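Asker: Give me a model of this one.
(one chain, ligands or ions: 1)
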Amino acid sequence: MHVANHQGTALITGASSGIGAVYADRLAARGYDLILVARDRARLESFAHRLEDRHQVRVEVQVVDLTITQALDDLAERLLGDTTISLLVNNAGVAMQGSLAESDPAALLHMLALNVTAPTRLAQAAAANFAAAGQGVIINLGSVVALAPGLFNVAYTATKGYMLSLSEALQAELAPAGVRVQAVLPGVTRTDIWERSGGGLDQLPAHMVMEVEAMVDAALRGFDLGETVTLPSLPDAEDWSRLLEARAALGPNLSRDQVAPRYRP
Ligand code: NAP
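Answerer: Next up is the predicted model:
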């Protein structure tokens, strides 16, 4: 039986496995109805039934390949026009292994479509919907690789840097409208993404690998604490604050009418 909830509906991309599936479970537990987005209908539907039974919320399944422009547009239009939707989790993503030079061009463009184009289009629709409502939440899945260039696949790293940049800039834009944006930057998290991208967790030291439930619970705790950027495994939040302070110190000198002395002839 459906119990009336006061949280509205959360739309979660990539909700059929890994991080997105745990978000679905935790947000349902918090009283959100759900729209689960991914490509595998059977997997989504059986998960939706389990969530409905467990949490007494409404769960809708949207079978969408987010790399297909028309399908993405249709979902974005739904997100724009549905005032019951109050939270977007931009989570669907793929990874790649290997060097940029050796990567398959089709796989590369597919990753950019899923990791960059789709979340941007959905964030645009959510921003318009939520700003008009004066409330709402956008959660974007980045990665710690955004802070560690050279550690992992180049293009994947860049897509996750994009998600961090998108989130911080969008938070600045939407805060006055009462909308919150959070970037979640997981480290290595035990999900299918590793096998799917042709990598493996086995060769990584165990102390680097977080369980997916712990990661998402920490990210939601970071959200509750009001964070714009959440690094689930960073012990000292001051380390992040110091990075922000150092970046802010560049501010007065980022755009001037004079070139810096070292560049003068
Ligand atoms: P995952 O277990 O592989 O899940 C990916 C999800 O995205 C699945 O639900 C998948 O479902 C969906 N998906 C894939 N291609 C899609 C498409 N074209 N259209 C729609 N949905 C699609 O991966 P995960 O580890 O949970 O990753 C979730 C996010 O966290 C990603 O953005 C990833 O970059 C990020 N992240 C992960 C880690 C990590 O170590 N796991 C670390 C940092 C950041 P279908 O196949 O049914 O479509």
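Asker: what's Gly226 sitting at in phi/psi?
Answerer: Backbone torsions of Gly226, given as degrees, to the nearest 10, read phi 90, psi 20.
Asker: Any idea how many residues pack against it?
Answerer: The number of residues packed near Gly226 is 8, by other Cβ atoms under 10 Å. For glycine as for every other residue, the C-beta is placed from the backbone atoms N, C-alpha and C.
Asker: and what of the one 3 residues further on?
Answerer: Val229 is surrounded by 23 other residues when neighbours are defined as other Cβ under 10 Å.
Asker: what does the one 3 residues further on give?
Answerer: Neighbourhood size, Pro232 [other Cβ under 10 Å]: 20.
Asker: The nearest residue to it once chain neighbours are set aside and the ligand: what is the separation?
Answerer: Ranked by Cβ to Cβ, 6 or more residues apart in numbering and with sequence neighbours excluded, the top spatial neighbour of Pro232 is Ala218, at 3.8 Å. Distance from Ala218 to the ligand, counting by Cβ to the nearest ligand atom, to the nearest Å: 13 Å.
Asker: Tell me which residues touch Ala218, please.
Answerer: 230, 232-233 (Cβ atoms under 8 Å, 6 or more residues apart in numbering).
Asker: can we see that at 10 Å?
Answerer: Contact partners of Ala218, counting by Cβ atoms under 10 Å, 6 or more residues apart in numbering, are 184, 186, 210, 230-234.
Asker: What ranges does the stretch 1-150 of the chain have for its strands?
Answerer: Assigned by DSSP state E, counting those that start in this stretch, the strands in the stretch 1-150 of the chain fall at 9-13, 33-38, 59-63, 85-90, 136-141.
Asker: got a markdown table for those, with mean pLDDT too?
Answerer: Converted to a markdown table, the strands of the stretch 1-150 of the chain look like this (pLDDT from 0 to 100):
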| stretch | mean pLDDT |
| --- | --- |
| strand 9-13 | 98 |
| strand 33-38 | 98 |
| strand 59-63 | 98 |
| strand 85-90 | 98 |
| strand 136-141 | 98 |
